[in-house]
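Asker: Please work out how this folds:
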Amino acid sequence: MRNIDQAKQAVREMVWRRLIDGGGAPVDSYGKIPGFYGAEATAVGLAELDVWQRAATVKANPDYAQLPVRVRALKDGKRVYMAVPRMATLQPFYLLDPDSPGIPAEEAAGKQGASQVARRVGVDEMRPIDVVVCGSVAVNRSGARIGKGAGYSDLEVALLIEAGLVTDRTVIVAPVHGLQVVEEDIPETEHDFSVDYIVTPDEVIPCTNSRRPRGLVWGDLTPEKIAAIPVLAARQRTQ
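Answerer: Got it, this is the predicted structure:
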């Protein structure tokens with residue numbers, strides 16, 4: 001596992017340097033899910049896909065890079081579940097209702113706006129997910145992806161898989177800058193998921209290696225990680 005973690009970190013380091021040096025993202029993007037330039041164009045490209053047009057419910061990360069996609073989802077009349085940062089509550093998702101956002105979509109889809117107007121919901125209150133929008137540091141054309149290393153995206157998807165809300169029919173999408181698309185192999189472990197589409201400001205890339213975990217991989221979670229995430233701590237007590 002340590003060798004895999006080191007290999008993933010090497011890919012992250014390469015992409016952060018390439019993205020910043022290449023002018024694809026602000027200089028403070030290092031160590032983060034990059035808020036890349038051209039994110040608005042990824043929302044436009046994604047909205048042209050049939051899978052998006054058919055979708056009623058979207059789950060998204062709260063990262064700034066995916067803000068235009070969250071805004072587009074609300075404007076397109078889609079129900080949006082946005083992860084609460086760090087899953088720091090027993091109800092680890094915000095429900096953004098397109099019919100009653102209370103404030104403009106551009107505000108409601110942001111972290112601060114969602115915390116003001118959105119209701120927090122637990123997995124047992126949620127509807128099946130048609131599209132998952134995931135923040136990523138790097139992806140390759142097979143669909144393998146990595147985030148910044150905290151593992152929240154993997155945990156969110158695993159929870160939703162266990163609840164039957166993310167299935168093989170759910171489409172997973174990574175909106176990224178073209179400089180984040182790498183040719184190198186990205187190591188994958190049991191808890192990793194792959195993406196079905198990569199959407200850059202310039203193209204949509206269908207991916208070939210659909211991969212979903214079976215659910216939470218408890219052996220990969222440290223006691224500290226479980227204790228820090230209330231929904232995991234509660235689930236462990238029922239095991």
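Asker: ok, longest helix in the protein?
Answerer: helix 2-21 (DSSP state H).
Asker: How about it, which residues are buried there?
Answerer: Residues 8, 11, 12, 15, 16, 18, 19, 20 are the ones in helix 2-21 that count as buried (16 or more other Cβ atoms under 10 Å). C-beta here means a position set from N, CA and C on the backbone, and glycine is covered the same way.
Asker: Can you tell me which of those residues is closest to residue 185?
Answerer: residue 11 (8.8 Å; Cβ to Cβ).
Asker: tell me the contacts of the closest one?
Answerer: Residue 11 makes contact with 137, 138, 146, 182, 184, 186, according to Cβ atoms under 8 Å, 6 or more residues apart in numbering.
Asker: would CSV of the residues you listed with neighbour count, secondary structure and pLDDT be doable?
Answerer: Shown next, in CSV, are these (neighbours: other Cβ atoms under 10 Å; DSSP: H, G, I helix; E, B strand; the rest coil; pLDDT from 0 to 100):
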residue, neighbour count, secondary structure, pLDDT
137, 26, coil, 98
138, 25, strand, 98
146, 23, strand, 96
182, 19, strand, 97
184, 13, coil, 91
186, 20, coil, 94
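Asker: And the furthest pair within these?
Answerer: With distances taken as Cβ to Cβ, the most widely separated pair in the contacts of residue 11 is 137 and 184, at 12.7 Å.
Asker: Report pLDDT for the most centrally placed residue in the chain.
Answerer: The centroid of the chain falls nearest to residue 134 when counting by Cα atoms, centre = their mean (2.0 Å). For residue 134, the pLDDT comes out at 96.
Asker: Spatially nearest residue to it, not counting backbone neighbours?
Answerer: Using Cβ to Cβ, 6 or more residues apart in numbering and skipping the chain neighbours, the partner closest in space to residue 134 is residue 153 (5.1 Å).
Asker: any idea which helix or strand carries the one you found?
Answerer: Residue 153 is part of helix 152-162, with elements assigned from DSSP states H and E.
Asker: and that helix, how far from the chain's centre?
Answerer: Computed by Cα atoms, centre = their mean, to the nearest Å, the chain-centroid distance of helix 152-162 equals 10 Å.
Asker: Need the mean per-residue confidence for it.
Answerer: Mean predicted confidence for helix 152-162 is 94.
Asker: In it, which residues are buried?
Answerer: 152, 153, 154, 155, 156, 157, 158, 159, 160, 161.
Asker: Which elements pack onto it?
Answerer: If you count contacts as 3 or more Cβ pairs under 8 Å, 6 or more residues apart in numbering; DSSP states H and E, helix 152-162 packs onto no helix or strand.
Asker: before we move on, the earlier item: output the buried residues of helix 2-21 in JSON lines; the columns should cover pLDDT.
Answerer: As requested, the buried residues of helix 2-21 are exported to JSON lines (pLDDT from 0 to 100):
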{"residue": "8", "pLDDT": "94"}
{"residue": "11", "pLDDT": "96"}
{"residue": "12", "pLDDT": "97"}
{"residue": "15", "pLDDT": "98"}
{"residue": "16", "pLDDT": "98"}
{"residue": "18", "pLDDT": "97"}
{"residue": "19", "pLDDT": "97"}
{"residue": "20", "pLDDT": "97"}
